[in-house]
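Undergrad: I would like to see how this sequence folds:
(2 chains)
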Amino acid sequence: MALKFFSLRHLVRIPINSVNNQTPLYQNNITHNLTNFSTSSIACVTFFNKLPAEKLWKSVTSVSNAGAKKGRGKGAGRIRIRDLNRGQVIGVGKINMLWPGLSAPVIRGRELLKQHRLPDDPERMEKLIKLRDSMTKFRRFKLSPIERGWSGAKMPGRSIGPPDPVGDEEFIGFDTKVLQLRSLLIMKGTLGRTRNYQAMVVTGNGNGLAGFGFGRAKEALAALRKAKNRAGKKLMHFDIYNGHTIFHDFFTAFGKTKIFVQKKNEGYGLRCHRAIKEICQAIGIKDMWAKVEGSGQLQHVVKAFFIGLLQQRTHQQLAEEKKLHLVEYKAENAYYPTVVASPSVVRTKEEIPRDETLDFVQYVMNDKVMLRRKKFPRFYQTMPHYDIYLKKFERYRNHEKIRHNLKTEYGTVKSFLNDKYPEAKSEQEA
Amino acid sequence: MHKNTRNVIIHYNNLQILAISSRKLSIVPSLYDGEQDPGPKFFCSGVQALLKRLTRPDFAKVFRKRTNSNLPFLKTPKYKFLTNEELDAEISKANKTAAWLLQMPPVVKVHDPINEVFSKDPALVGYDSSKYVFTDITFGVPNEQRLIVERDPDGTLQSCDHDTRKRLNQIYFPIQGRKVKEPTMFSDEEKFHGLLEEEKYEFILDRACIQYEPNEPTYQKVTSITYQHVDLKTNFNMLRSTRHFGPMAFYLTWHQSMDNLMLELLQTGFVRETVLLMGLRQAIHEDIAFADELNELVPQILPTPVQLKKSENLSEEDINLDNKCIDCVVKYITKNSAMKSQQELALQGFREEYQQLVELSRGLRKAHGNV
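TA: A predicted model of the protein is given here:
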């Protein structure tokens, strides 16, 4: 019965559209691309079409005002906004078709192209999903070792470029380094807990001009920028001896921070506190030793060092103060006396009072004497077996040099016995 | 002295010119082993003064930073405040150090072979198949006077020859830098000539001074080849302000081949040093015709300060002295020189340049009001 019913139905079936349409029945024999075709307009309105992408994303990722103040919605846990247009091109979609004029030229060679369906790309969706997944994760911003600062990806020790140009003048050859970037929290009655960033930077051209500056702002970048420009405004000029070091040793202090600074020879390098090292590189000092004692407050260290540098005297000034020739002795030049600076009037021996400090280092350190720390024996030297080890090792002390000399002279390590008994070979050779 | 250059091939190939010069310049070494002993002449005070002045010591080069010193790394300079007197004392001390650094390796004749036999004991034949060498290692005895004897298998007890003596002295009382086995740099001809090609004269001569004694034939051979190479290439400036210039000038003058040096001095305009060189020749060979004038002039030049570069203000005394020097040079060129034409040309060039300098300095003095 059902079967009959079905077959009857089949025979009786009248196309529903023909009721509404005025199209004659005979048109069913011609094939069209579009089988269902209506003239009434339909707007496919869904939730996803009602609002722009921004608003949609915001609804998923937004954080309340209170939450934002507490710092929520930033950092590793946060959902990332993904641009869904990425990876898609107009003209390419779920159904892969060739659209002449859009994704292909209208005339290729001599033939006129027509719309036709291209073979499907089954992996299209997978590729898109993969691309979108890669955009989501919070990526640790990778720094190259050269760009890294003192520790990890943190700002202190990193360079932030030259200060911004002032009017027509540009800061050519200048580079700023961040010395300190910290976030301060203050509690106010009206605003509650507010966070502020404070930055200290030093800027210099490596040729005697340098300056340091502070900056405060709500955002770290803004604070750095302010500090950089302030440092660019507060430049100081420093004299450098022979283009590589300071003129003489000195001692400075600011607050409870004390710094002992020593002048060093070419090739020594900057053996100092990392902040002092950055300052020296900005000024153009290449060889120096400095020891920070007492408090380690970074701002005090920087201020003390700058004060010390400014209070330095050139060799000519020292000679004029003392009214004596200033003579330099270098070990590599067999201690030949080179007169570095001469005063206009030179005192005689009788004119020098008895208690005057004539020693250069003592005079320059203002009669302050640096403590030379005692060198204690290494941990192994006090162990009980050390003497016995030295006595045993005495036998082999020169053997490395002997082996080296033998290789130079004969090519291999051998003795007269090898020549006397050539038939005797070592296990390796046999 | 032969100066043959072999195997000089020049290819012209599409504007590229390849010149392959000879590796073996056949320079014949000559030792001080003849009848005449250079020692008395070399150590004479007059000759020493002339040689020291001829080296033209430039303190910047004498006290230069060296890599072969005992300093493993640089040290911070030391500073001192000095009065005028103290400064003068320091400068005189520095002059003494310079004199010590510039002391010349002695020029002596080759040592005589040692033939002293102490005893012949044929009774000891067959005792052993090897030689026995006995060395007296008393501390404080000079190495040259040390008793080093050998007992040969045939029973003779004789004093050792120079090579054995040197080897044993080095084993028991080593000198820093001297090797028991002769360095290949001196034994291998290729290596030695390679070094000469690279013009590392100071290195060769310094090492030769450490490795050998001045009266050894190898030392004399090495130094003579080096000096001749320097003379050939006219690289005298490389040895100026070093301790080797004196012995080199002495060697060239002894062998009557100082004309190249004379020419170089004239070309660079050091006319007083040419007179000093003539003085040296007179002291060694005594064959200069105008010897009296020369002997008057040399003591006038020696006290004057060492000229390192051309000075612009010449005083009248300087000009007089220089004119006398030029007269002497003219006489030398006509009578004793072996490179007459070249030296005359150089002298002419120097005269023109000198005239300009004289005019400049006279003009300057006039402008300053003869101050």
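
Undergrad: those strands in the stretch 201-350 of chain A, which residues are they?
TA: In the stretch 201-350 of chain A, strands defined by DSSP state E, counting those that start in this stretch lie at A:209-217, A:236-237, A:250-254, A:257-263, A:270-271, A:288-294, A:325-329, A:338-341, listed in chain order.

Undergrad: Check which helices and strands the second one sits against.
TA: It stands for strand A:236-237. strand A:209-217 (3 or more C-beta pairs under 8 Å, 6 or more residues apart in numbering or on different chains; DSSP states H and E). Where C-beta positions appear, they are placed from N, C-alpha and C, glycine not excepted.

Undergrad: ok, back up a step: mean neighbour count and mean pLDDT for the strands of the stretch 201-350 of chain A - can I get that in TSV?
TA: What follows is the strands of the stretch 201-350 of chain A, written out as TSV (neighbours: other C-beta atoms under 10 Å in any protein chain shown; pLDDT from 0 to 100):
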stretch	mean neighbour count	mean pLDDT
strand A:209-217	20	96
strand A:236-237	12	96
strand A:250-254	20	97
strand A:257-263	21	97
strand A:270-271	17	97
strand A:288-294	18	97
strand A:325-329	20	97
strand A:338-341	16	96
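
Undergrad: Just put these in JSON lines and tack on distance to residue A:391.
TA: Listed next are those as JSON lines, based on distance: least, C-beta to C-beta, whole Å:
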{"stretch": "strand A:209-217", "distance to residue A:391": "56"}
{"stretch": "strand A:236-237", "distance to residue A:391": "60"}
{"stretch": "strand A:250-254", "distance to residue A:391": "46"}
{"stretch": "strand A:257-263", "distance to residue A:391": "39"}
{"stretch": "strand A:270-271", "distance to residue A:391": "37"}
{"stretch": "strand A:288-294", "distance to residue A:391": "38"}
{"stretch": "strand A:325-329", "distance to residue A:391": "41"}
{"stretch": "strand A:338-341", "distance to residue A:391": "48"}
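
Undergrad: so where's the stretch 1-150 of chain A uncertain?
TA: Along the stretch 1-150 of chain A, segments meeting pLDDT under 70 span A:1-32, A:75-77, A:136-140.

Undergrad: at 50 instead, please
TA: A:1-13, A:15, A:17-19, A:23 (pLDDT under 50).

Undergrad: Can you show me the strands along it?
TA: Using DSSP E, counting those that start in this stretch, strands in the stretch 1-150 of chain A cover A:97-98, A:107-108, A:111-112, A:116-117.

Undergrad: Neighbouring strands of the third one in the sheet, and parallel or not?
TA: The partner list of strand A:111-112 in its sheet, established with DSSP bridges, is strand A:107-108 (antiparallel).

Undergrad: where does the partner strand sit relative to the chain's centre, distance-wise?
TA: Centroid separation for strand A:107-108 versus its chain: 52 Å, with C-alpha atoms, centre = their mean, to the nearest Å.

Undergrad: which parts of chain B sit against chain A?
TA: Counting by C-beta under 8 Å from any C-beta of the partner chain, the residues of chain B close to chain A are B:59, B:63-66, B:69, B:71, B:73-87, B:90-91, B:94, B:97, B:101, B:181.

Undergrad: These in strands, which ones?
TA: Judged by DSSP state E, these include B:78, B:79, B:80, B:81, B:82 as members of strands.

Undergrad: In the stretch 201-350 of chain B, what residue lies closest to chain A?
TA: When scored by C-beta to the nearest C-beta, the stretch 201-350 of chain B has residue B:241 as its residue closest to chain A, at 13.4 Å.

Undergrad: Setting the sequence-adjacent residues aside, check what's closest to that residue.
TA: Nearest residue to residue B:241 in three dimensions, chain neighbours excluded: residue B:61, at 4.0 Å (C-beta to C-beta, 6 or more residues apart in numbering or on different chains).

Undergrad: Deepest-packed of the strands of the stretch 1-150 of chain A, please.
TA: Highest mean neighbour count of the strands of the stretch 1-150 of chain A: strand A:97-98, a mean of 14 (counted as mean count of other C-beta atoms under 10 Å in any protein chain shown).

Undergrad: Name the residues that touch that strand?
TA: Strand A:97-98 has contacts (C-beta atoms under 8 Å, 6 or more residues apart in numbering or on different chains) with A:104, A:113, A:115, A:116, A:117, A:118.

Undergrad: ok, now how distant is the nearest residue in space to the first one that is not next to it in sequence from residue A:92?
TA: Take residue A:104 and drop its neighbours on the chain: the residue closest to it by C-beta to C-beta, 6+ apart is residue A:98, 5.3 Å away. Noted for residue A:98: a distance of 10 Å to residue A:92, by C-beta to C-beta, to the nearest Å.

Undergrad: Would you quantify the distance from the residue in chain B sticking out farthest from the centre to residue B:232?
TA: Centroid-distance maximum for chain B: residue B:123 at 52.0 Å, with C-alpha atoms, centre = their mean. Distance of residue B:123 to residue B:232, given as C-beta to C-beta: 58 Å.

Undergrad: Could you do residue A:66 as well?
TA: 94 Å.

Undergrad: Give me the more crowded residue out of those two.
TA: residue B:232 (15 against 8; other C-beta atoms under 10 Å in any protein chain shown).

Undergrad: That one looks like it's in a strand, true?
TA: No: using DSSP: H, G, I helix; E, B strand; the rest coil, the assignment for residue B:232 is helix, not a strand.

Undergrad: need the helices for chain A, in chain order.
TA: Counting by DSSP state H, the segments of chain A that form helices are A:2-12, A:17-20, A:47-50, A:53-61, A:65-69, A:124-136, A:220-233, A:274-283, A:298-310, A:315-322, A:360-364, A:386-393, A:399-410, A:416-420.
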